[in-house]
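Undergrad: Just need the structure, nothing else, for what follows:
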Amino acid sequence: MKYLRDIESDKIIRFILGTSVILLVFSFILPFPIVLFVQDMLFFSYDHLLFIRPRLAYSGMTIGMIVIALAMLSFLATKILSEKGDKVYRWTLPHLIVFVFGFVLMGLALNHYYFLEEGRVVENGFFSFSEEEVSLSEVVELRREVKKENYEVISYTFDRGDKELKIPYDSRDPDASQAIYYLIDLYEWELEDVFIE
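TA: I've put the predicted structure just below:
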């Protein structure tokens with residue numbers, strides 16, 4: 001931290017400007033392949049009937065990259081202003097905290113997913129470090145949220161009475177509908193529609 005406080009802005013301006021601009025530009029392109037690749041590498045299993053990467057995983061990765069870039073640019077700007085005013089630089093710790101927070105957001109995004117297997121449905125929430133699961137043999141009710149205006153299915157909720165898990169649903173994904181209807185036939189659940197605005 002002392003090194004960052006004492007370093008001259010002339011020595012780091014090219015690196016910080018280049019890196020932060022690259023991060024800002026690619027923050028709208030790279031989250032999709034990064035989330036796909038890393039989650040497949042860490043969590044892929046042949047046992048999964050369906051693996052769902054929610055939009056929040058991609059959004060979290062994008063926001064994390066933007067936060068890191070903005071922390072770097074803010075560090076550079078305040079460093080230059082401090083040098084021009086010939087003052088001791090005192091903003092190293094807040095910038096370092098925001099910088100690390102960007103990496104934390106990216107890590108949380110990579111760890112956010114849902115999946116269905118033969119015997120269970122699993123969720124790892126955005127701010128969770130452990131999986132929540134419901135055994136499919138214990139499910140007493142299956143509900144799906146449906147938009148009133150166009151009858152688009154938004155999510156499915158697996159309810160076992162004392163606990164429920166809601167998984168997002170994308171009607172454009174053929175694997176999703178195939179996995180859901182396979183489980184409905186297998187466990188002979190009655191499907192209840194819940195209409196939302």
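Undergrad: Report the contact partners of the residue lying closest to Leu49 once chain neighbours are set aside.
TA: For Leu49, ignoring the flanking residues on the chain, the nearest one in space by C-beta to C-beta, 6 or more residues apart in numbering is Ala179 at 4.1 Å. Any C-beta I mention is one placed from the backbone N, CA and C, and that applies to glycine too. Neighbouring residues of Ala179 by C-beta atoms under 8 Å, 6 or more residues apart in numbering: 49-50, 116.
Undergrad: biggest helix in the protein by residues?
TA: Ranked by residue count, the top helix of the chain under DSSP state H comes out as helix 55-84.
Undergrad: Tell me which helix or strand comes right after the helix or strand hosting Leu183.
TA: Counting by DSSP states H and E, the element that carries Leu183 is helix 174-187. Beyond helix 174-187 in the direction of the C-terminus, DSSP H and E gives the next helix or strand as strand 191-196.
Undergrad: How much space separates the residue lying farthest from the centre of the chain from Phe99?
TA: Among the C-alpha atoms of the chain, the one most distant from their mean position (C-alpha atoms, centre = their mean) is that of Asp86, at 42.0 Å. For Asp86, the distance to Phe99 (C-beta to C-beta, to the nearest Å) stands at 26 Å.
Undergrad: quick one: the spatially most central residue of the chain and Ile22, what's the gap?
TA: What sits nearest the mean C-alpha location of the chain, by C-alpha atoms, centre = their mean, is Ala57, with 1.9 Å. Shown here: Ala57 relative to Ile22, a distance of 22 Å by C-beta to C-beta.
Undergrad: Ok, Thr157 next?
TA: Distance from Thr157 to Ile22, by C-beta to C-beta: 41 Å.
Undergrad: Between these two, which has more neighbouring residues?
TA: Thr157 (18 against 13; other C-beta atoms under 10 Å).
Undergrad: same question for the helix or strand where that one lies, mean pLDDT?
TA: Taking DSSP H and E as the definition, Thr157 sits inside strand 153-159. Predicted confidence along strand 153-159 averages 96 (mean pLDDT).
Undergrad: got the contact list for that strand?
TA: Contact partners of strand 153-159, identified using C-beta under 8 Å, 6+ apart, comprise 121, 134, 136, 139-147, 164-169, 171, 180, 194, 196.
Undergrad: give me that answer again for 10 Å
TA: Contacts made with strand 153-159 from outside it, assessed by C-beta atoms under 10 Å, 6 or more residues apart in numbering, are listed as 114, 116, 120-121, 123, 133-136, 138-147, 164-171, 176-177, 180, 183-184, 187, 189, 191-194, 196.
Undergrad: ok, for Ile180, nearest residue in space, not its chain neighbours?
TA: Nearest residue to Ile180, sequence neighbours excluded (C-beta to C-beta, 6+ apart): Tyr156, at 6.2 Å.
Undergrad: likewise Val67?
TA: In space, and not counting its chain neighbours, Val67 is closest to Gly102: 3.6 Å by C-beta to C-beta, 6+ apart.
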